[in-house]
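Q: Need a 3D model of the following:
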Amino acid sequence: MSTTTATATTDSGVAEVAGAALVGQEGVGVASSPPPPPPPPPPTDSLFTLGEKQEWVLKVVSGDVNITSTSALDKHVTLTSNHWARLMSIREQIDIEAKEINRHMRLLAYSAHIGDRYYVSVTSRYGL
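A: Residues are numbered from 1 along each chain as shown. Next up, the predicted model:
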């Protein structure tokens, strides 16, 4: 790396400009610029309302997903990002099964394990 200094005379006096250039194998100067600043981190908190009646609140805090009922605060779940990813990977099948329940085609339509002690089930007998 070589450093170059240039001096220029202006009406208001003498200005000195210093710069650096990288010199390649063939002696050609290559200008270098500082790296761009890193992008800002993604937000750690997000809030969404879910459901036709907006009866569920989904809140993402530091990677955990909290889902809470607005009508019954004792109905809630907190999922890790891995559990949430697994739930999202089967959401289409959950939707299909829920539609079949609504058409009264089956009583217990679907059950799936999403990790650790978490299971998803779609049933018409919930709470009976």
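Q: ok, residue 66 - contacts?
A: Contacts for residue 66 (CB atoms under 8 Å, 6 or more residues apart in numbering) come out as 57-60, 76-79. Where C-beta positions appear, they are placed from N, C-alpha and C, glycine not excepted.
Q: Tell me, what's the model's pLDDT at residue 77?
A: Listed pLDDT for residue 77 reads 93.
Q: Sorry, slip of the keys, the one I care about is residue 62.
A: Reported pLDDT for residue 62: 84.
Q: again, but for the one 10 residues further on
A: Model confidence at residue 72, given as pLDDT, is 91.
Q: mind checking how far residue 72 is from residue 116?
A: Going from residue 72 to residue 116 by CB to CB, to the nearest Å gives 24 Å.
Q: and residue 92, what element?
A: Taking DSSP states H and E as the definition, one finds residue 92 inside helix 91-102.
Q: buried set for that helix?
A: Neighbour-count burial for helix 91-102 flags 94, 97, 101 (criterion: 16 or more other CB atoms under 10 Å).
Q: which one of the residues you listed sits closest to residue 112?
A: residue 94 (7.7 Å; CB to CB).
Q: give me the low-pLDDT residue ranges for this protein?
A: Scanning the chain for pLDDT under 70 picks out 1-31, 40-44, 105-106, 108-109, 125-128.
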